[in-house]
Structures are given as C-alpha cells and as structure tokens.
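# model the following, please.
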Amino acid sequence: MVMNYLKKRVEEAASEKEIERPDWVSEKNASLQAWEYVEQLKKEKALYIKRHHKITDFLAQKTYQIKGSDVAIALKINRASLMNTSSYSPHFRKYLDSVNAELMAAKEAKIQKAKNTPSRGSIRSSKDELVQANTELKNRVSKLEEQKTEELVRYAFDQLPLPVKKKLGID
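Just a heads-up that it's a prediction; the model follows:
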C-alpha cells in the first residue's frame, strides 16, 4: 500500500516536470527563455501571495505582478524586441497578461479572505475609525466626570435594604 502511494507520487512529480510548452515557444529564439523565466517568476509570486496575509503586503505591484521589462532585463534582451517586434511578441504579451490576471485574482482572493477574517481589535481598524472612537470615548469620560458622583453614591445607599445598611453601619 505504501509502495503504491510512493509510485503514484513519483509519477505525479514526473508529470509536473513535463509541462507542455505553448506552440509559440521555440528554442530558436528567446521565447523559450522568456517563457521559462515567466513560469519561474509565476511560482515565486504565487508563493509570495500564499505566504503573506496583510493587505499592506500587496501595496507594491511588483510583489505580485510580472512586468515584461523585468523579464527583458533578466534575460538581457531588448524590451522592445521581447514585447513588440518579434514574431512571438503578441503571443508572449497575451501569455504575460494571462499570468498577471491569475496572480491578480489570487491576490484579490487573499485580500478578501483577510478582510473577512474576524477582527483583531484596533489592528484592522482604519485611522479614521480609531480617531472617531477616541473622540467618542473622550466625550463619554467627560460626561461621566461632570455627573455628581456624591449624589449617585447617596442614591445607591438609599436603595439598599435596611438589614444591609445595619451590617454596613449606615444609618
């Protein structure tokens, strides 16, 4: 039974390694290198999205998106030839847009999940909400301070039953 499981895992790993290339990718030009590099970056960006939970982790677009200029710089290719003038450029752009759309959808799902998680107090609140809560609390404290506490204490003692008053020594 364990042996069957291990064989199945080896077959799955082998099938993952044999990712089928799109038909516009060729070894004769830079399309193969560009496609492989984008696949590698796609895994890295997906891992970043998976590991980060705060909304602020996704403020910079470079953390979850792949730019054609970054691919061109890494492969030491002219950006214009990679993105515009080559025969594979329209296909590469379309592929890059689809990869970025997938990454954006994963990021949006992660952010939505982060928004839907139970609040951890003031950490999840915005600055405006915190300022408003602070002013409300200050107003409440000032109203309580304005109340005549001595009158309230006398009223509370007057409401006590007679046996309790005698035990406390209050006439």
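
# what's the spacing between K54 and A60?
13 Å (Cβ to Cβ, to the nearest Å). (Each C-beta comes from the backbone N, C-alpha and C, glycine too.)

# on the three-state scheme, E108 is what?
Under DSSP: H, G, I helix; E, B strand; the rest coil, E108 falls in the helix class.

# buried ones in whatever helix or strand L32 lives in?
Element membership for L32 (DSSP states H and E) is helix 31-51. Across helix 31-51, burial judged by 16 or more other Cβ atoms under 10 Å covers 31, 33-35, 37-38, 41-42, 45-46, 48-49.

# so what's the residue count around K67?
A count of nearby residues for K67, using other Cβ atoms under 10 Å, gives 15.

# so where's this protein shaky on pLDDT?
1, 14-18, 118-124, 171 (pLDDT under 70).

# all helices of it, in order?
Using DSSP state H, the helices of the chain run over residues 2-17, 31-51, 68-75, 79-80, 89-116, 127-146, 149-158, 162-168.

# can you redo the ones you listed as CSV with distance to W24?
Converted to CSV, these look like this (distance: least, Cβ to Cβ, whole Å):
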stretch, distance to W24
helix 2-17, 21
helix 31-51, 6
helix 68-75, 15
helix 79-80, 18
helix 89-116, 4
helix 127-146, 48
helix 149-158, 81
helix 162-168, 90
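
# list the contacts for F92?
Contacts for F92 were tallied using Cβ atoms under 8 Å, 6 or more residues apart in numbering; they are 24, 31, 34-35, 68, 82-83, 86.

# can you rerun that using 7 Å?
Residues in contact with F92 (Cβ atoms under 7 Å, 6 or more residues apart in numbering) are 31, 34, 82.

# so the last one touches A34, yeah?
Spelled out, that is L82. Yes: in this structure, L82 is within contact of A34 by Cβ atoms under 7 Å, at 6.2 Å.

# overlap of the contact sets of these two?
Shared contacts of L82 and A34, defined by Cβ under 7 Å, 6+ apart, comprise 71, 92.

# I'd like to know which of the contacts of F92 is nearest to A101.
A34 (17.9 Å; Cβ to Cβ).

# not counting its neighbours along the chain, what's nearest the closest one?
Leaving out its chain neighbours, the residue that sits closest to A34 by Cβ to Cβ, 6 or more residues apart in numbering is V71, at 5.6 Å.

# next, count neighbours for the one you found.
V71 has 22 neighbouring residues, counting by other Cβ under 10 Å.
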